[in-house]
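A.B. asks: Got a sequence here, can you model it:
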Amino acid sequence: MKLPEVIKGVLARNVRLFSFDERLNAEIPAEVDLTDRGLVMVDAIHHLTHKGIVYDLSAYAAAVADGASLDLTLAVDNNKTVHLLPHGAAESKAMSYLYEAPTVTVAGTPVTAANRNRRDFAPAHTTSIELAPTVSDPGTLLHQQAMFAATGAGNKLGAPSTGGTSEWVLKEGETYLFRMTNLAGQAADAWLNLVFYEADQ
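C.D. replies: You can find the predicted model right below:
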């Protein structure tokens, strides 16, 4: 493809990249690594953490009865889009589930996600999270993952876990259920973790 006449002859060393820092109300130049002269880059979550819009919440339950579950519900407001990375772990054999539109008959205990940027204490703007609600119908199953009992000395070392690096983009105005069900045949510990960021529509 031929270059347009207006940019022919422009040298790369004359190009300067800037970002605008709202806190400082100033343009900040991009950085270049001094060893290989490559542009310094960070991943999206790293960048959004710096902006103060990434949140983290964990729930742990000791001795969950066999066949019982650790549940979290997350309700999304109509004015924000929530991008979510769910994770979980169990002491032994378990199943993790993600449901959309559960029927909650009794609200759970409200819990607050921590802002990962501790210089910016703004809470999540629109997202309501509750621990251990009473659910009569879990809703539409979106994802499930089996976790099998760990081997070796001590199941908690290298315990079965679930999660991934691909996010879920949650629907505005909808509620989601995150569930870890113990299938160990005896009481076992369970853990759920929600990492998310909120973006304007």
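A.B. asks: can you pull out the helices in the protein?
C.D. replies: For the chain, the helices defined by DSSP state H occupy 44-51.
A.B. asks: Residue for residue, what is the longest strand it has?
C.D. replies: Among the segments of the chain that qualify as a strand by DSSP state E, the longest is strand 188-200.
A.B. asks: Show me which residues of that one are buried.
C.D. replies: The neighbour-count criterion (16 or more other C-beta atoms under 10 Å) identifies 188-198 as the buried residues of strand 188-200. Glycine gets a C-beta too; all of them are placed from N, C-alpha and C.
A.B. asks: Point to the helix or strand of this structure where mean pLDDT is at its lowest.
C.D. replies: Ranking every helix and strand in the chain by mean pLDDT, DSSP states H and E puts strand 161-162 at the bottom, with a mean of 62.
A.B. asks: So which other helices or strands are in contact with the longest strand of the chain?
C.D. replies: helix 44-51, strand 54-64, strand 69-75, strand 80-90, strand 175-182 (3 or more C-beta pairs under 8 Å, 6 or more residues apart in numbering; DSSP states H and E).
A.B. asks: 7 Å instead?
C.D. replies: Packed against strand 188-200 by the contact rule (3 or more C-beta pairs under 7 Å, 6 or more residues apart in numbering; DSSP states H and E) you find strand 54-64, strand 69-75, strand 80-90, strand 175-182.
A.B. asks: For the first one, list every residue counted as buried.
C.D. replies: When you say that, I think you mean strand 54-64. Applying 16+ other C-beta under 10 Å to strand 54-64 flags 54-55, 57, 59, 61, 64 as buried.
A.B. asks: re earlier: pick out the lowest-pLDDT one from the buried residues of strand 188-200.
C.D. replies: Taken together, these show their lowest pLDDT at residue 198, with 87.
A.B. asks: Return the set of residues that bridge with it.
C.D. replies: Beta bridges link residue 198 to residue 82 when assigned by DSSP bridges.
A.B. asks: Would you mind confirming that it is in contact with residue 53?
C.D. replies: Yes: if you go by C-beta atoms under 7 Å, residue 198 and residue 53 touch, sitting 5.8 Å apart.
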